[in-house]
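Participant: coords please:
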Amino acid sequence: MVVIFDLDDTLTDTMASLSVARDKVIRHFGHTPTTAALERWQHASHFFDSEDFPHVLPLVMPGLAGRQIDVDEIRQLYWAWEIDNLTLKAGAADVLLGLAARGIEMALVTNGPRAKQERKVQRLALETYMSRGAVVYADGVHVPRKPSPAPIREALRLTGGADPAAAFYVGDGMSDVVAAHLAGVASVLVKSPSLVMDPPTSSSALAIETPLHTIDRLAELLAIVDQGQAGLATSRQAGRISASAS
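Facilitator: Sure, this is the predicted structure:
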């Protein structure tokens, strides 16, 4: 069995670290990081990439309109402040240790620029938990981003060609659910403040959009994995009995 994790807001408390980074960027320009300014940044992220600073920052701080912005400088500051304040979500370490104790192989699949995401993984030493260094950076250049199933399929390959039917993908967004199902992997959706979705109604829901499991806390994953292991053991035993009978 393999458990593949998303990174941001699944294993890590990225929303909190982003809030710190945005606060510091606003102060960098001599503005006060008010609640309204931070809400404007979040709202702007619905229209632009949140790191599209030439478009986002003038919306957050109207006084910047028409002002030249050193995008590379701001990006490096933003990344540093986000990464320096990044922590694991409550219970994440216990789940990783619990899976390792059960002999479960693990992998990690994360969207985003590799230069940034790799620093996050290294800061929290997450690669030490991943089987055979199975970390896939879905940067949209070398590896397609989720909801493409390609990065999940690559994670399965890196863990020794694991059977998708014996794998779970754990994430906090609908792109994670869709990617998992397109790859033939069971999905576990962790409720998170970053989860932005319109729950499909029973009349319009598609199988690829409906999580197999939805949990409030990452710690609940261990029970799901235990059930999955028990089911696989039963299936294998039934297969051996059938083979011996024939």
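
Participant: Which strands or helices does the longest strand seen in the chain pack on?
Facilitator: Identified as the longest strand of the chain according to DSSP state E is strand 105-111. Strand 105-111 is packed against strand 2-5, helix 92-101, helix 114-123, strand 135-138, helix 150-158, with contacts defined by 3 or more CB pairs under 8 Å, 6 or more residues apart in numbering; DSSP states H and E. In short, each C-beta sits where N, CA and C put it, glycine included.

Participant: CA atoms only: put the third one into CSV for me.
Facilitator: So that's helix 114-123. Extracted as CSV, the C-alpha positions of helix 114-123 are listed here (Å, rounded to 0.1, in the frame of the first residue of the first chain):
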residue,chain,number,x,y,z
ARG,A,114,10.2,23.6,-7.8
ALA,A,115,12.6,26.2,-6.4
LYS,A,116,10.1,27.1,-3.8
GLN,A,117,8.5,23.8,-3.0
GLU,A,118,11.8,22.0,-2.7
ARG,A,119,12.9,24.5,0.0
LYS,A,120,9.7,23.8,1.9
VAL,A,121,10.3,20.0,1.8
GLN,A,122,13.9,20.5,2.9
ARG,A,123,13.0,22.8,5.7
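
Participant: which residues are in contact with that helix?
Facilitator: 7-8, 12, 79, 83, 86, 108, 110-111, 126-127, 135, 137, 139, 142 (CB atoms under 8 Å, 6 or more residues apart in numbering).

Participant: Note down every partner strand of the longest strand of the chain and its orientation.
Facilitator: strand 2-5 (parallel), strand 135-138 (parallel) (DSSP bridges).
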